[in-house]
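Novice: Curious how this folds, go ahead:
(2 chains)
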Amino acid sequence: MAAEPKILIVDDELVVIKSAERVLKSEGYVVEGALGGREAILKIEQDSYDLVFTDLKMPEVDGITLIRWIKKSRPSTGIVIITGYPSQDTIKEALELGIIDYVPKPFTPAVLLDVTERAVEWTKGKKVEEEKMTEKFPPAMEAELERVISEYRKKPGSLIPVLQRAQEIVGYLPPMVQKKISKGLNIPIAEVHSVVSFYSFFTMNPRGDHNIRVCLGTACYVRGIEGVLGKIKETLKIDIGETTENRKFSIEGVRCLGACGLAPVMVIDEETYGAMTPRKAMEIISHYDPSVMSAAAAGAEMMDEKGE
Amino acid sequence: MEKFRKNLVLCAGTGCVAGGSMKVRDALREEIKKKGLEKDINLSLAACSGSCSEGPVLSVYPDEVFYQKLTAEDIPKLVEEHFVNERLYEKLIMREPEEKSSIPAMKDIPFFRYQVLRVLRNKGLIDPEKIEEYIARDGYQAAAKALTEMTQEDIIKVVKDSGLRGRGGAGFPTGLKWEFASKVSSDVKYMLCNGDEGDPGAFMDRSVMEADPHSVIEGMIIGAKAIGAHNGYIYVRAEYPLAVKRLQMAIDMATEMGLLGKDILGTGFDFELEIYLGAGAFVCGEETALMRSIEGKRGMPRPRPPFPAQKGLWDKPSVLNNVETLAQIAPIILNGADWYRTLGTEKSAGTKVFALTGAVNNVGLVEVPMGIPLRTIIYDIGAGMRKGRKFKAVQLGGPSGGCIPEGLLDIPVTYEDIVATGAIIGSGGMVVMDDNTCMVGTAKFFLGFTADESCGKCVPCRVGTRILLDILTDITEGKGREEDMATLEDLGRDIIATSLCGLGQTAPNPVLTTLRYFRDEYESHIRHKWCKAGVCRDLTTFWIDEKLCKACGACLRACPSKAIVGEKKVPHKIIQELCVHCRTCYETCKFSSIKILPAGFEGDPYELLGSEAKGEAKGGNE
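Specialist: Residues are numbered from 1 along each chain as shown, chains lettered A, B, ... in the order given. Have a look, this model is predicted:
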């Protein structure tokens, strides 16, 4: 990797690329430009970049699609979005995809440099401590958290909604997030923690990319969810409430999903799967990660599914 | 409005969507277009018709034909047959499990025939995302009537006279609850709806919120007027994203049309309604705990009195009603108390929705008049046991309820009769169990749930449920002792007597009812180390009856640990040392030749099973 961070600017307007290039090059960054998402993908495929700045609204391949592609094929590349319309929904979607920050359009050189500096720091820090869970969040995530807290600050009984939103943004509720909320809402940290630990919806452990929720309701019990759960646990080598080492999957046991007609039921992310058998569950999970199937096949020697 | 020749209603509830409803919708749209039938056929989406196991389902009006288990691939043929050739598409029509003939019309399907739809009156008929469709079916007329023509006392009188009781579990008279709150004077009062449906096995509230959200809102407006509240919350589980979305849309639309908010329908009455997302705690179904939760605290119950009608949410008078209860309000106001009483019994008036699931052929939501026998629900509506298995018990009321045996299936379903059996109606979860279910294991399952969900405030509940669970675990692992049964009973009674809220007061019910009706199973687990259902791994020996074995090799191939030996025409045998008790062979065998014996059994199996069969025959005559 070159000593100076290498940055790719993606926008459908040449003037944006040119001006960003000028600002960043003057500070010694190595900068290239791509006119649109398609060109960006071609460039990234041939070369590696530390940071990609991308517009969201572009013809053909738009920003969100590009971010999805980068996350899949070049997961270590840091992404910053440049957007003229930072609506809450797009920010939320982009955050879920794991962006570091965003630059509002139009931007001043100072803002651009500021964001770039922070993003470079962030990617460096992340690479060193890839394995360990750092208690730092991308600036955009922090800002969104702040916004949610201040939105609810004056409302009575807002702790639970804020925690729900925070978990949506960060994915889980580590001590640092709880501290931030405690301070922001002026509620003792002990009380915040007591609420987090009381409700099963809240988790203090990071979840995997895909959260497998297994229904532990009566109908599912009667129709054999235990065998399904056992198989999933055995294959992924984790228990309920845990996350696989590669952060791909986590398993969560939930109380009745209210889809008893489909029992036994599991839900992966937002998708509901009914009438599960151990084998079917493995097939579905392997759609999310093909390597699961081989692990499942190794386990099949030990325990085959019931012959229904 | 244009007039269509046919109206198609496709179910878009959680169950059917998981089954591929959206793909079916796209295929239908495309096919209708291809055949040039856009002017003739109107396709609309509706939510949960309650026959989830048959999903995705499609109703065709005015023909009243019911198609089930649709796939996108079937659509071209179905459209061709039904709408072009005007013939029924037999392949996807409901069939009686016992008979070969298909029954296309909805009124002839037993699943629908015994049902009377009041709560679910709009299920599958209206698009829940369009307020106009609700209004077209008399929606908000009751609210208008209550706000313009009726006094608070009038409303309370009608609801009281109707005999409506809370459908959330305890069965407290709704009118009485409203009356208490209306008599307390306070500048601020709250009207609350409990959509924190937590009982495993119950999903009627989800269905109502998804399929007919306006019926809940209308009930709340009427309730708010009756008690004099101007603010309300609907507390919904975060696990029900579709219900939350539909409710929010419904609130927004109602507000836009002046049915919520300030000066509703120009009557000067204000009512603001908000959704509050629950965070997953079973105890929050208890009213005082739910109110604490809305206040943003740990959802722990507090002693009553003061009752919420005096001091509830933020210490203001509050009324909390269940989703199903609220959905009953509008028709009662429109049609009167006497109309409501035409169904049900003196003390349990009207209809109740049950979530029928488990080992029956038809599963789904069923709404029946109170007082109907359990047997009718299971054998007529549910069409009997799946795969012809033997009925063992029906579990009513979730973790707070109990298991009812075959002998009591003819009792009428009313609050009083069910309580007499040791179970409760609860929120209406009805899980049917066959002879593959171990009753000790079932009790253990529920205790595992309540021990986990106990909020920890009261020692008897927090520690007591844990001890019950430990004893049950011991019994299922072969470490049971003779005195355990008495301990379970004593401790269970103590927990009931000394817990503060409904969770602790009902948590021992699953243990106590199974001990009452299935004591022989406990005895067999403890004394003979024998789980006759073959569920508790440590208490079973699988054995092949050579007289019945057809030597087909199915079990041999299925066995994951290669513990079965045999060849063609030679009866198979299980090598006990290799057997991992996974039940696979038992489930595979088509000739019932695999039998379950006690753990480590060494005597003569024929003798043991012979005496068992005799004993059972005798027991049956008692």
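Novice: Which residue ranges of the stretch 51-200 of chain A form strands?
Specialist: A:51-55, A:78-83, A:101-104 (DSSP state E, counting those that start in this stretch).
Novice: Same list, those strands, but as TSV with distance to residue B:191 please.
Specialist: C-beta coordinates here come from the backbone N, C-alpha and C atoms, glycine included. Formatted as TSV, those follow (distance: least, C-beta to C-beta, whole Å):
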stretch	distance to residue B:191
strand A:51-55	48
strand A:78-83	42
strand A:101-104	42
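Novice: Out of these, which gets nearest to residue A:262?
Specialist: Among the strands of the stretch 51-200 of chain A, the nearest to residue A:262 by C-beta to C-beta is strand A:78-83 (37.6 Å).
Novice: which strands and helices sit next to the closest one?
Specialist: Based on contacts counted as 3 or more C-beta pairs under 8 Å, 6 or more residues apart in numbering or on different chains; DSSP states H and E, the elements that strand A:78-83 packs against are strand A:51-55, helix A:63-73, helix A:88-97, strand A:101-104, helix A:109-128.
Novice: let's see 7 Å
Specialist: Packing partners of strand A:78-83 (3 or more C-beta pairs under 7 Å, 6 or more residues apart in numbering or on different chains; DSSP states H and E): strand A:51-55, helix A:63-73, strand A:101-104, helix A:109-128.
Novice: Can you tell me which of these is packed in deepest?
Specialist: strand A:51-55 (a mean of 25; mean count of other C-beta atoms under 10 Å in any protein chain shown).
Novice: Next, the angle from that one to helix A:109-128.
Specialist: Relative orientation of strand A:51-55 and helix A:109-128, computed by axes from the mean of the first three to the mean of the last three C-alpha atoms, to 10 degrees: 130 degrees.
Novice: by how many degrees do strand A:51-55 and helix A:88-97 diverge?
Specialist: Here the directions of strand A:51-55 and helix A:88-97 differ by 160 degrees (the same axes, to 10 degrees).
Novice: Which neighbours in the sheet does strand A:51-55 have, and how are they oriented?
Specialist: Strand pairing for strand A:51-55, determined by DSSP bridges: strand A:6-11 (parallel), strand A:78-83 (parallel).
Novice: I'd like the next helix or strand past the first one.
Specialist: The reference is to strand A:6-11. Using DSSP states H and E, the helix or strand that follows strand A:6-11 in sequence is helix A:14-26.
Novice: what about the stretch 201-308 of chain A, any weak spots by pLDDT?
Specialist: Scanning the stretch 201-308 of chain A for pLDDT under 70 picks out the ranges A:293-308.
Novice: Tell me which residue in it sits closest to chain B.
Specialist: Closest contact between the stretch 201-308 of chain A and chain B, by C-beta to the nearest C-beta, is at residue A:261 (2.4 Å).
Novice: Kindly report the domain assignment for chain B.
Specialist: Chain B breaks down into these domains under automatic domain parsing: B:6-106, B:131-341, B:351-434, B:439-528, B:540-621.
Novice: Which of those domains sits closest to residue A:199?
Specialist: Evaluated with C-beta to C-beta, the domains of chain B place domain B:131-341 nearest to residue A:199, the distance being 3.6 Å.
Novice: could you redo the strands of the stretch 51-200 of chain A as TSV and give each row distance to residue B:137 and mean pLDDT?
Specialist: Formatted as TSV, the strands of the stretch 51-200 of chain A follow (distance: least, C-beta to C-beta, whole Å; pLDDT from 0 to 100):
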stretch	distance to residue B:137	mean pLDDT
strand A:51-55	48	91
strand A:78-83	45	86
strand A:101-104	47	82
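Novice: so how far is residue A:288 from the most centrally placed residue in chain A?
Specialist: The residue lying closest to the centre of chain A (C-alpha atoms, centre = their mean) is residue A:96, at 4.3 Å. Distance of residue A:96 to residue A:288, given as C-beta to C-beta, to the nearest Å: 16 Å.
Novice: same question, residue B:594
Specialist: 36 Å.
Novice: In terms of neighbours, single out the busier of these two.
Specialist: Legend: neighbour count by other C-beta atoms under 10 Å in any protein chain shown for residue B:594 and residue A:288, higher for residue B:594 (23 against 16).
Novice: nearest spatial neighbour of that one, skipping sequence neighbours?
Specialist: residue B:586 (4.8 Å; C-beta to C-beta, 6 or more residues apart in numbering or on different chains).
Novice: shouldn't the one you found be in contact with residue B:535?
Specialist: No. Residue B:586 lies out of contact with residue B:535 (C-beta atoms under 7 Å); the separation is 10.4 Å.
Novice: Next up, the contacts around the nearest residue to residue B:575 once chain neighbours are set aside.
Specialist: Nearest non-adjacent residue to residue B:575, counting by C-beta to C-beta, 6+ apart: residue B:563, 5.0 Å away. Shown in contact with residue B:563 (C-beta atoms under 7 Å, 6 or more residues apart in numbering or on different chains): B:574-575, B:578-579.
Novice: For those residues, pick the one with the most neighbours.
Specialist: Busiest of the contacts of residue B:563 [other C-beta under 10 Å] is residue B:574, holding 20 neighbours.
Novice: Could I get the phi/psi values of it?
Specialist: phi -100, psi 130 (degrees, to the nearest 10).
Novice: Make sure it is actually in contact with residue B:562.
Specialist: No. The pair residue B:574 and residue B:562 fails to qualify as a contact (C-beta under 7 Å) at a distance of 10.8 Å.
Novice: what about residue 82, how many residues close to it?
Specialist: Let's take chain A. Residues contacting residue A:82 under the criterion other C-beta under 10 Å number 23.
Novice: was after chain B, sorry
Specialist: By the criterion of other C-beta under 10 Å, residue B:82 has 21 neighbours.
Novice: how far away is it from residue B:120?
Specialist: For residue B:82, the distance to residue B:120 equals 26 Å [C-beta to C-beta].
Novice: Repeat that for residue B:45.
Specialist: Distance from residue B:45 to residue B:120, by C-beta to C-beta: 17 Å.
Novice: who has more neighbours, the two?
Specialist: Neighbours were tallied for residue B:45 and for residue B:120 using other C-beta under 10 Å; the higher tally belongs to residue B:120 (26 against 21).
Novice: Specify the beta-bridge partners of the spatially closest residue to that one that is not a sequence neighbour.
Specialist: Counting by C-beta to C-beta, 6+ apart, the nearest residue to residue B:120 once its immediate chain neighbours are dropped is residue B:367, at 5.0 Å. For residue B:367, the beta-bridge partners are residue B:353 (DSSP bridges).
Novice: Point out the other helices and strands that the one helix or strand residue B:573 maps to packs with.
Specialist: Per DSSP H and E: residue B:573 is located in strand B:570-574. Judged by 3+ C-beta pairs under 7 Å, 6+ apart, the packing partners of strand B:570-574 are strand B:541-544, strand B:564-567.
Novice: Just say helix, strand or coil for residue B:250.
Specialist: For residue B:250, the assignment made with DSSP: H, G, I helix; E, B strand; the rest coil gives helix.
Novice: May I have the residues that are in contact with it?
Specialist: Contact analysis of residue B:250 by C-beta under 7 Å, 6+ apart lists B:131, B:213-214, B:217.
Novice: if you set the cut-off to 6 Å instead, what comes out?
Specialist: Neighbour list for residue B:250: B:213-214, B:217 [criterion: C-beta atoms under 6 Å, 6 or more residues apart in numbering or on different chains].
Novice: how about the residues of chain B near chain A?
Specialist: Within chain B, the positions near chain A by C-beta under 6 Å from any C-beta of the partner chain are B:14-15, B:18, B:52-53, B:200-201, B:203, B:206, B:238, B:277, B:279-281, B:294-296, B:298, B:355, B:357-358, B:363-364, B:431, B:433, B:445, B:558, B:560, B:584, B:587-588.
Novice: Keep only those of the residues you listed that are in helices.
Specialist: Secondary structure from DSSP state H places B:14-15, B:18, B:206, B:294, B:445, B:558, B:584, B:587-588 of the residues of chain B next to chain A in helices.
Novice: Of the residues you listed, which is the most crowded?
Specialist: Within those, most neighbours by other C-beta under 10 Å means residue B:15, with 32 neighbours.
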